[in-house]
Every structure is written in C-alpha cells, then in structure tokens.
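A.B. asks: the following comprises the amino acid sequence and a computationally predicted model.
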Amino acid sequence: MSDRRSAILDAAIAVIARRGVRGLRVEEVAAEAGVATSLLYYYFDNRNGLVRATLDHANERAATKLAPDEVSGREAVERTLLGELDGGAGVRDTSVVWGEVLASAVFEPDLRDQLREATGKWNELVAGAIRGGLADGSIRAGIDADACAERLTALVDGLSARWLAGVVTREDAQALLAGAIALELGRADTG
C-alpha cells in the first residue's frame, strides 16, 4: 500500500473515532491526512469506498497486533482477545471504527458483505489460536473451535461497545472477558 493511501486511511480512522461514520466528511479526512480531496476520490472513488477501505485498514492494523507464535494456543487466544480492550489510542480508534461500521450496516446494506467477510477473518484467527491450544494441550479437549471463536469475538464486540460508550470501565470489560475465556476454554487438565 502506498504511504499516501495508508496516511489517508489512518486519517479516516482518526476522523471516524472522533465523529463516527455518519460524521465522516471527505474534506476533513483529506485535511487530516494533509492531501488534496481529489486524491481521496482517486484512491476510493467515493465516500462509501473510503469507509469500506477504512474498515479493511482497521482490521489489518488489528491483525498485526495478534499474539506471537512463541506462546501456547491458550495464551494466544487470551492475548488476542484481551488486546482488543487495550487502552491504547490505536486500539480504541480501531474499535470505534469497527463499532461504527457495524452499526451503520443496519442502515446501509452494502456494508454487510464486507462486515461478514471481516468477521469471518476475525473468527478464523481466533479459531486458529484455539486449534493451536487444542493441539498443544493448553485448551481442554473437545471444544468446537469455530463456535467458541464466534461466541468470544461476539462478546468482545459487545464489551468493546459498552466500554466505548462508558457503560462499563475498560478494566471491568477485561475482567468479564477474561472470565468468559476461562469458562469457554476450560482447564487443559480437565479434559
């Protein structure tokens, strides 16, 4: 990806994090990125193209922060999911973008296929870590990795929305998620 295109997408994430998808203005994104508005239209055709590309970019940014391969499958699941409730600005902004696009899809059906695909990738990353934990013995045998990943990622989405809305603290959201992970994955020695 070109540096300019990446800078535009980073700017779009920042603008959505401040104003939401409904408040996204192409001119503001261009100003934030320090480029001409016409360059946004060159790369993204229209506002909807920019929103869709921003979701992809936010997901790519989140995927680069996944747990390293040197840890057990269980640790990878825990770090990956709990990392989504990290207090860093980049994590917060990515969570806001995800939540905003998810909410917008209720009213903009053209976003649904992309969200379905992004959700599938997210679920598969977590399911892969669960499978790794089943293989290395750090996760209780007999767990359906795909169903477990679906439940846990849905919980992250809900807890993230509540954290961002100020309904729960980040620490409480993390504690609730850690408890759910422990219940879902069980103890490896209870086979």
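C.D. replies: Yes, it's here.

A.B. asks: how many residues are close by Glu171?
C.D. replies: 11 (other C-beta atoms under 10 Å). From N, CA and C alone the C-beta is placed, and that goes for glycine too.

A.B. asks: that one: which element?
C.D. replies: helix 170-185 (DSSP states H and E).

A.B. asks: just the C-alphas of that helix, formatted as CSV.
C.D. replies: The C-alpha coordinates for helix 170-185 follow below in CSV (Å, rounded to 0.1, in the frame of the first residue of the first chain):
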residue,chain,number,x,y,z
ARG,A,170,-12.2,-0.9,30.4
GLU,A,171,-11.0,-2.9,33.4
ASP,A,172,-14.4,-4.3,34.1
ALA,A,173,-14.8,-5.3,30.5
GLN,A,174,-11.4,-7.0,30.5
ALA,A,175,-12.3,-8.9,33.7
LEU,A,176,-15.6,-10.0,32.2
LEU,A,177,-13.9,-11.2,29.1
ALA,A,178,-11.1,-13.0,31.0
GLY,A,179,-13.8,-14.8,32.9
ALA,A,180,-15.6,-15.8,29.8
ILE,A,181,-12.4,-17.0,28.2
ALA,A,182,-11.7,-19.2,31.2
LEU,A,183,-15.2,-20.7,31.1
GLU,A,184,-15.1,-21.3,27.3
LEU,A,185,-11.6,-22.8,27.1
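
A.B. asks: return the set of buried residues in the least confident helix or strand in the chain by mean pLDDT.
C.D. replies: The weakest-scoring helix or strand in the chain, judged by mean pLDDT, DSSP states H and E, is helix 47-63 (a mean of 81). Buried residues in helix 47-63, counted by 16 or more other C-beta atoms under 10 Å: 50-55, 57-59, 61-62.
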